[in-house]
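# can't give you the sequence, but here's the structure:
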């Protein structure tokens, strides 16, 4: 009925055909639970991004529906998430002041750019770019972001204003505002935070000890934030605490998400392009990792390239429906999965439920204290903060530790964009540095065998006129010159050498820079009266060498095996020189 | 007498001890020949850099002496060279107008910055950074620079002014100035160019046919530019051509290089830092490659890290003696070597001879036409232009071709800094892209042996419940996720799989991102009821894995050999399951 290509780009065509009553009831059940969890979360993350609370709801409605059409994960729940909201705040803070119309309009542009980048990466299959965000960088970045987010919300709990993209700025504004603490706000915020921590740690065991089954106990514990929202809103309303200076959400417009058109002012686009790229990549990496983990539990497949398209569509949807950048969230996706979601339709039902909430329930949250939302954010993000990565990376490998530590420090001290960019640059730099010294061993013949081993580790036979280097890595521009220096150094120390053999069983590639180095090595050895030979060159590498002049210029031969070379060139005892085994460069092809 | 460490940093202490009369006469001879060659070159490259001609002489005096003290090459001749002079002009043009005092002062700052960067790279042993300038980027950059330089000098030959850092700007100013061609200048310039080309191609064969020995014939041919300088200067003087509008070098101050102090205005330093870095790296790469080639001819060693210190000292010397950025030049070093230079003292004698020239000969070059200098530059740089690199790289490997073509195009169209930066970024990006898909082969048992081969290339035995992947590369952040996707895809297609084996004989490294991926693979396979095993893990990799939690969490085992794993896990005919061969993770250490 549908072409396979079409259903590759529209996964809904695949699962939609098998949809039945059982799947429907499972999806509806999951949608109800996720909706209850998402209402406070959506409002809170909009607050974190510096945007009006209703934009959090809007960002959860159309994007979820579009992801249901284009995404490949059955359980991923898309919407505003903590880290992306923090990055959104940092990006928008550079172009406009929070609370202004320009700030809101820039949020739409940011979502549109991010969506465009994700779509382009999906269509051009550039998902591999996300690989450059190494695990140490992600882990360090998320830990530091968690701290920045928590610090930014302490202000809402104290009833003062904390601003700044770096921890220093945050502490300064916090310190400057300490005189203005609103103690009633503080009591509400602190009590809610304590309650939510207890819900996380203590409620589930309590419910279990009361004889509740594990799954409903878990679900009830997840509803803790909703309970906190209801209770604190009622308290504010009953005691008229807004008159005592408790900041509340206030009037939220009632209605479905509006149709909004993002602006594309060239200056604005230029300023938001790099943040949008970072938001896209960070969001994609987080989302794909959640989606793959959940898919594996049911032995399902997700397609990373199609995920890019799904998330791209979701963000473009956000841009045109009054939202801001979104991605697949970890906690809500796990809840969705645990609640039994079978297909992306569960997401669509959640969207409908949130739409009803936006239409009908917004008057009820007029008196919801911002401190309550701040408490839900703090409790959620502190679970992201994990300094053990420092210890683990220190134990595992120092370069990874350097990447973690740099990313954490720079994110805290210089902001999210600098932190993640520097982390990526450092990871790439360290990788290039590590590979700039290829593993090269000088080898000799193990007596009585045809095997060759490192002369520094084994008792082997060597011939003083023949030097053999086994190259244990592919040769490319970053490590080619090291080989030149190594051979040059070794040969100038040692006068009787007449032959240098490069043993290449592990060389998967020789790029043009390495070819140039080999040519230089060959010429320089020739000037010293030394012949250069190659052995055990892999087929594809040999094919390529044949397309250059190198083999014609080579002073020595290419041997199929190292043993054949040693038999031909050496005077080792027990190794009879046998030129008949020599294979010319052309013959080895 | 001297500590080995001191003579490592001061190579002069080493060769100075063995200096005798024979070496002296060889060095003096070489110095005379190089001086004759260097006078027109130095003036010409100062012109190219947009600086007064005497600065070219100054840049050849103190730097050569400092290199003689700190450098390790016996034959390298340091001074202004074409490509670095072009880069200097591009850098200075961004901060001041040619001909102003600010422009000259910025040249000193640029030399000081470049010297500081080179010294720092030498002291901190950062010479490996130069490796990131891959051969395709250097080749493309030099070809494009040659074109830009030649185009910039066409103006001097036509008697009009050609400006601009890109070929487009150059063509525009050339076109706009065509009305103002000075035909006498053109005749001098064109005749000199033709003469110099003939000297290069035709004079040496002619001298040889007259019975001259090859070496003096070569030396005489190299003196062609001096002859052109003398003749054209005389012509201008005799016929009073300056009154006909022929541009000449004019009054050049007489005297030794002045003591100059470079300025370090923060804005200036910021603007010149990136150009200084690029100049340092490009100059270092060129210089080291010349030095290594010449050293190899006599089986001598050069030390790249010490070369950085030698070139750094030379540039700092240039900054304090009225010069501009310098490096080891190819043609002058070859002349120096061919003329018989034995030690760096030859360079010092050249410096003295140039000092005398600066003191005594400058009045003689008052009437030297700029067109003659332009002709020497054009003839010198056109030998750098080599488009065959495009064809060779196309045949050899497409990514290398992409790097060459991008570097050439961007250097021509967007200037030297953009060109070389984009080339480096593209080389690194292509390398990461290539390694982002590690070579992974699904393997099976070759019947009757204990060897395992790719199932797509060989007839091998496989067990449908056991999947074995041989990983042919180190695992790191850029390729780790590819492995996750590959295994996830393969396993979800194939229901009977109960065991996945990763065969790791070629895995030299597993970084923290790859460890994270292996942990994710292990957990996801566990969710599908599949066990993960490793085989043939190298010692250092195993040591590192033991410092993480991975081995405790691993659902399967680590086997010393793939055959042992297959015997333990599989029901292949002829392969008896033998759990006794299984080695636990701890036991395999």
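Ah, there it is. The shown structure was predicted, so the numbers you read here are calculated from the model rather than taken from an experiment.
# residue closest to the middle of chain A?
residue A:285 (3.5 Å; Cα atoms, centre = their mean).
# which residues does that residue contact?
Residues near residue A:285 by Cβ atoms under 8 Å, 6 or more residues apart in numbering or on different chains: A:130, A:133, A:138. In this view, the C-beta of every residue, glycine as well, is placed from N, C-alpha and C.
# give the buried residues for the helix or strand hosting it.
Take DSSP states H and E as the rule and residue A:285 turns out to sit in helix A:266-297. By 16 or more other Cβ atoms under 10 Å in any protein chain shown, the buried positions in helix A:266-297 come out as A:268-269, A:271-272, A:275-296.
# per-residue confidence for the residue nearest to the centre of chain A?
With respect to pLDDT, residue A:285 scores 88.
# for the one 5 residues further on, same thing?
In this prediction, residue A:290 carries a pLDDT score of 85.
# and it, what is it in contact with?
A:73, A:76, A:328, A:329, A:330, A:333, A:334.
# same question, residue A:344
Taking Cβ under 8 Å, 6+ apart as the contact definition, residue A:344 lies against A:11, A:12, A:15, A:67, A:68, A:69, A:71, A:73, A:74, A:76.
# so what's the backbone phi/psi at it?
When read as degrees, to the nearest 10, the backbone of residue A:344 gives phi -60, psi -10.
# and it, what pLDDT?
85.
# and residue A:484, by the same measure?
87.
# narrow the contacts of residue A:344 to those in strands?
Among the contacts of residue A:344, no residue falls in strands (DSSP state E).
# show me the shaky parts of chain A.
Along chain A, the parts satisfying pLDDT under 70 run over A:1-5, A:7-8, A:494, A:571-589.
# the same query, at a cut-off of 80, please.
Counting by pLDDT under 80, the ranges of chain A that qualify are A:1-18, A:127-131, A:214-223, A:296-301, A:435, A:457, A:494-495, A:506, A:571-589.
# could you find the closest non-adjacent residue to residue A:218?
residue A:204 (6.2 Å; Cβ to Cβ, 6 or more residues apart in numbering or on different chains).
# most neighbours among the contacts of residue A:285, which one?
Among the contacts of residue A:285, the one with the most neighbours (other Cβ atoms under 10 Å in any protein chain shown) is residue A:138, at 25 neighbours.
# can you name the helix or strand that that residue falls in?
Assessed by DSSP H and E, residue A:138 sits inside helix A:135-158.
# run through the neighbouring helices and strands of the helix or strand where residue A:335 lies.
Using DSSP H and E, residue A:335 maps to helix A:330-338. On a contact count with 3 or more Cβ pairs under 8 Å, 6 or more residues apart in numbering or on different chains; DSSP states H and E, helix A:330-338 meets helix A:21-48, strand A:77-79, helix A:214-222, helix A:266-297, helix A:345-360.
# of all those, which one is nearest residue B:115?
With Cβ to Cβ as the measure, helix A:266-297 is the member of the helices and strands packed on helix A:330-338 nearest residue B:115 (33.6 Å).
# distance from the chain centre to that closest one, please.
8 Å (Cα atoms, centre = their mean, to the nearest Å).
# and if you look at stretch A:206-223?
On Cα atoms, centre = their mean, the centre of stretch A:206-223 falls 33 Å from the chain's centre.
# picking up where we left off before, now the element after the helix holding residue A:138, going C-ward?
helix A:167-177.
# any buried residues in that next one, and which?
A:167, A:170, A:173, A:174, A:177.
# among the residues you listed, which one lies nearest to chain B?
Nearest to chain B out of those is residue A:167 (Cβ to the nearest Cβ; 24.7 Å).
# who touches the closest residue to the closest one other than its chain neighbours in this structure?
Nearest non-adjacent residue to residue A:167, counting by Cβ to Cβ, 6+ apart: residue A:412, 4.5 Å away. Counting by Cβ under 8 Å, 6+ apart, residue A:412 makes contact with A:144, A:147, A:148, A:166, A:167, A:419.
# turn those into JSON lines, columns for distance to residue B:443.
Converted to JSON lines, the contacts of residue A:412 look like this (distance: Cβ to Cβ, whole Å):
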{"residue": "A:144", "distance to residue B:443": "42"}
{"residue": "A:147", "distance to residue B:443": "46"}
{"residue": "A:148", "distance to residue B:443": "47"}
{"residue": "A:166", "distance to residue B:443": "51"}
{"residue": "A:167", "distance to residue B:443": "51"}
{"residue": "A:419", "distance to residue B:443": "42"}
